[in-house]
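**Student:** Just to be clear, the model below is a prediction. Sequence and coordinates:
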Amino acid sequence: MTVRDDASQTDVRMDDDPRLRPEREAVVGSAGRRRGPGRGERLMVPRAEFRSYYGLPVLNEPTWEAHDIAGYLFLGGLAGASSTLAAAAELTGRPHLARAGKVGAVCALGGSMYALIHDLGRPERFVNMLRVLKVTSPMSVGTWILTVYGPQAGLAALTSVTGRFPRLGRIAALGAALTGPAVATYTAVLVSDTAVPVWHDAHRELPLLFAGSAVASAGALGLLAAPLEETGPARRAVLVGVVTEYAAAKLMERRLGPLVAEPLKRGRGGLLMRLGEALSLTGALVSQTAGRRSRGAAALAGAAVLAGSICVRFGVFQAGMASARDPKYTVEPQRARLGEESHP
Amino acid sequence: MAFDLDRGLAETQDPAASSGYPDPPERMGFFTDTSVCIGCKACEVACKEWNAVPEDGLNFTAMSYDNTVGLGADTWRHVAFVEQPRGLGGQESGLTVVDVPGPTVERAHTRTPVSLGMPASGPGDGQVGGVPDMDFRWLMASDVCKHCTHAACLDVCPTGALFRTEFGSVVVQEDVCNGCGYCVPACPFGVIGKREDDGRAWKCTLCYDRLGVGQEPACAKTCPTDSIQFGEVEELRERAARRLAQLHDAGVGSARLYGHDPDDGVGGTGSIFLLLDEPEVYGLPPDPVVTTRDLPSMWRHAAVAAGALLAVLAAVSWGSRR
């Protein structure tokens, strides 16, 4: 059987005419119309199955370690809200609750600083964070918030424990109380300001979730460390915090829609979220009942709420990581968005 | 300038000018025409050689000829290989059977083929008179940093290690980067990565050191088919549009441009691509958006939450005696 090359002419220019454009003008598949109907045409309806490059993620997965960054999300919230609760307790004549809050805040702050610096690829270059202040970088803003907050929280705790310079201590406590809420909530912006689908798309609800979780954990610390006659504000903080945390989480799931909310419901993220909610709600319930009468029950409730808050922060973190790992959470919402634009 | 959020996020088209360069040169970038990519990976090699990018695994990935998987700290050019059971535009094998007398062909159709125990090659099913079309195409595309007009990595970098060059490209200063890793999840294209043993973030620099002395980037210089073209972004956009029209005229309806539109979610990219399928097939996001576009809204929500936190803790403390 003899086979002849029917289309020996190709469109690749082999000559070196200097007047020609430098790039090749090879026209792929220029042999004319294909036989047979419809081949090579663009589909008019969207594909049911989303497509990807060998199932590989579109995004590069965050390099943040869970125990550092998710841990910091919790510790930062605990520190910030504890400072605020401590100052309020001091001003309303609850010295034990105030001291617990101040000491708790400075310990949580210490843990935060360790986690943040430990997570850096070049920890010795931590001070490079102080080269600039960029409002477009929540991490830069957060560094400066911590720089303002940290010394005040430290001073408040030191004067409270030593009993020296009470006036200075009060000023520092008030300063820490006013910057604390920023410490507790900016972390939501920190994670939201990424391309990670779960974190970014939840940018409206995450600050509320983190604020609720922070209030609950500060209250829980008060329940653990303060005597019963002073735990009134802590108990109420736990209730409001846990309810806010729960409501914000539900709101967030609804906002994300069935697909992107999946990592918050399934897998490691889902497990942590469910566990966190259960612990927080149980702790809040115990704190409002047996926790009013028994110091032990109050401490138990406090521990449960703290554990719940940790679980929720780790849950949000892990859900975000899972959403970065699977291309469908990146591609499908973007495809849907493009579809809406072309068919309004 | 760092304080001016609106200016930082403004919809400007000349990134160098909006970054404060008083009289910047033309914005430079790439046009990667994947329709002429032959998958030789010379760009990957040239990039590694010139920029001294470390080896990152000589692996068999089972993903066609791809063994670098994707862009990251140690892969600044990545050639994707996609195999599809689909023709490429109007491409035909161009093979037809000739010189066989008509009666022979006629008789061949009536005969029952007998197996000679040979492995099958050529037309099966006893077919004579034509070679069936290969319904197969091989898409190859060299991916690179997009050097976005609105670059999320640059926006979120807390140390100022990432900066905008006078050419409009985005470059990491390795002597400033402290490895916080924020740029990694901020990039909507999954370009920048953190080198684990080194601790810092690395990505394509558009060969900033070569540009300064009038040289083109190593990948564009080495590309044997001019699939990677380097030039002024404005001119490349026109060139890309012309090439697209040429391919559409030739019946390659699946050709489309990517990153050319200044009105997209990242304000257009400095690296424009001509693709032959949907972006996600090459591992690219179909509608990338710079995350900092929503940052003002994020700060507003956080401010409300912080205010609520303060109010709630005040209320629970002063609200009741107990």
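**Tutor:** Happy to help now that I have it. As the structure is a prediction and not an experimental result, all values here were calculated from the model.
**Student:** Next, residue A:56: secondary structure please.
**Tutor:** Assigned with DSSP: H, G, I helix; E, B strand; the rest coil, residue A:56 falls in the coil class.
**Student:** What separation is there between it and chain B?
**Tutor:** With distances taken as CB to the nearest CB, to the nearest Å, residue A:56 is found 6 Å from chain B. For every residue, glycine as well, the C-beta is placed using N, CA and C.
**Student:** any idea how far that residue lies from residue B:54?
**Tutor:** For residue A:56, the distance to residue B:54 under the criterion CB to CB, to the nearest Å works out to 21 Å.
**Student:** what ranges do the helices span in the chain?
**Tutor:** No chain specified, so I'll use chain A. With DSSP state H as the criterion, chain A has helices at A:71-91, A:95-119, A:138-162, A:166-192, A:197-201, A:206-225, A:232-260, A:262-265, A:267-288, A:295-325, A:327-342.
**Student:** wait, I meant chain B there
**Tutor:** Under DSSP H, chain B gives helices at B:5-8, B:15-18, B:42-51, B:102-110, B:152-156, B:183-186, B:208-211, B:218-222, B:233-249, B:295-318.
**Student:** Show me what the fourth one packs onto, helices and strands only.
**Tutor:** To tie it back to what came earlier, the one meant is helix B:102-110. For helix B:102-110, there is no helix or strand it packs on, judged by 3 or more CB pairs under 8 Å, 6 or more residues apart in numbering or on different chains; DSSP states H and E.
**Student:** repeat for the fifth one
**Tutor:** Taking 3+ CB pairs under 8 Å, 6+ apart as contact, the helices and strands that helix B:152-156 lies on are strand B:162-164, helix B:183-186.
**Student:** if we can go back for a sec, let's have the helices of chain A in CSV, adding mean neighbour count, distance to chain B and mean pLDDT.
**Tutor:** Below are those laid out as CSV (neighbours: other CB atoms under 10 Å in any protein chain shown; distance: least, CB to the nearest CB, whole Å; pLDDT from 0 to 100):
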stretch, mean neighbour count, distance to chain B, mean pLDDT
helix A:71-91, 30, 4, 98
helix A:95-119, 22, 7, 97
helix A:138-162, 21, 4, 97
helix A:166-192, 24, 4, 97
helix A:197-201, 25, 6, 98
helix A:206-225, 31, 4, 98
helix A:232-260, 22, 4, 97
helix A:262-265, 22, 14, 97
helix A:267-288, 20, 12, 98
helix A:295-325, 24, 6, 98
helix A:327-342, 18, 4, 92
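**Student:** so can I have CSV of these showing distance to residue B:196?
**Tutor:** Output for the helices of chain A, formatted as CSV (distance: least, CB to CB, whole Å):
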stretch, distance to residue B:196
helix A:71-91, 20
helix A:95-119, 13
helix A:138-162, 20
helix A:166-192, 22
helix A:197-201, 23
helix A:206-225, 28
helix A:232-260, 29
helix A:262-265, 24
helix A:267-288, 22
helix A:295-325, 17
helix A:327-342, 23
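**Student:** And the contacts of stretch A:132-152?
**Tutor:** A:80, A:83, A:109, A:112-113, A:129-130, A:172-173, A:175-176, A:179-180, A:182-183, A:186-187, A:189-190, A:193, B:2-5, B:8-9, B:155-160, B:180, B:182, B:292, B:295, B:298-299 (CB atoms under 8 Å, 6 or more residues apart in numbering or on different chains).
**Student:** and if you look at stretch B:253-261?
**Tutor:** When contacts are taken as CB under 8 Å, 6+ apart, the neighbours of stretch B:253-261 outside the stretch itself are A:40-42, B:35, B:89, B:146, B:237, B:240-241, B:244, B:247-248, B:266, B:268-269, B:271-277, B:279, B:284.
**Student:** which residues does the residue of the stretch 1-150 of chain A found nearest chain B contact?
**Tutor:** With CB to the nearest CB, the shortest gap between the stretch 1-150 of chain A and chain B falls at residue A:121, namely 2.0 Å. Neighbour list for residue A:121: A:63, B:177-181, B:194-195, B:198-201 [criterion: CB under 8 Å, 6+ apart].
**Student:** Let's have the helices of chain B in JSON lines, adding mean pLDDT.
**Tutor:** What follows is the helices of chain B, written out as JSON lines (pLDDT from 0 to 100):
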{"stretch": "helix B:5-8", "mean pLDDT": "54"}
{"stretch": "helix B:15-18", "mean pLDDT": "92"}
{"stretch": "helix B:42-51", "mean pLDDT": "97"}
{"stretch": "helix B:102-110", "mean pLDDT": "76"}
{"stretch": "helix B:152-156", "mean pLDDT": "97"}
{"stretch": "helix B:183-186", "mean pLDDT": "98"}
{"stretch": "helix B:208-211", "mean pLDDT": "96"}
{"stretch": "helix B:218-222", "mean pLDDT": "97"}
{"stretch": "helix B:233-249", "mean pLDDT": "96"}
{"stretch": "helix B:295-318", "mean pLDDT": "97"}
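**Student:** coming back round to it: residue A:102: which of the helices and strands packed on helix B:152-156 is closest?
**Tutor:** Across the helices and strands packed on helix B:152-156, the minimum distance to residue A:102, taken as CB to CB, is reached by helix B:183-186, at 34.3 Å.
**Student:** Quick check, pLDDT for residue A:31.
**Tutor:** The predicted local confidence for residue A:31 comes out at a pLDDT of 52.
**Student:** coming back round to it: and of the contacts of residue A:121, the nearest to residue A:322?
**Tutor:** The closest of those to residue A:322 turns out to be residue A:63 (CB to CB; 15.5 Å).
**Student:** Contact partners for residue B:319?
**Tutor:** Under the criterion of CB under 8 Å, 6+ apart, the contact list for residue B:319 reads residue A:236.
**Student:** ok, it to residue A:92 distance?
**Tutor:** From residue B:319 over to residue A:92 (counting by CB to CB), the distance is 10 Å.
**Student:** Could you do residue B:136 as well?
**Tutor:** 77 Å.
**Student:** Who has more neighbours out of the two?
**Tutor:** Ranked by neighbour count (other CB atoms under 10 Å in any protein chain shown), residue B:136 and residue A:92 place residue A:92 first, with 19 against 12.
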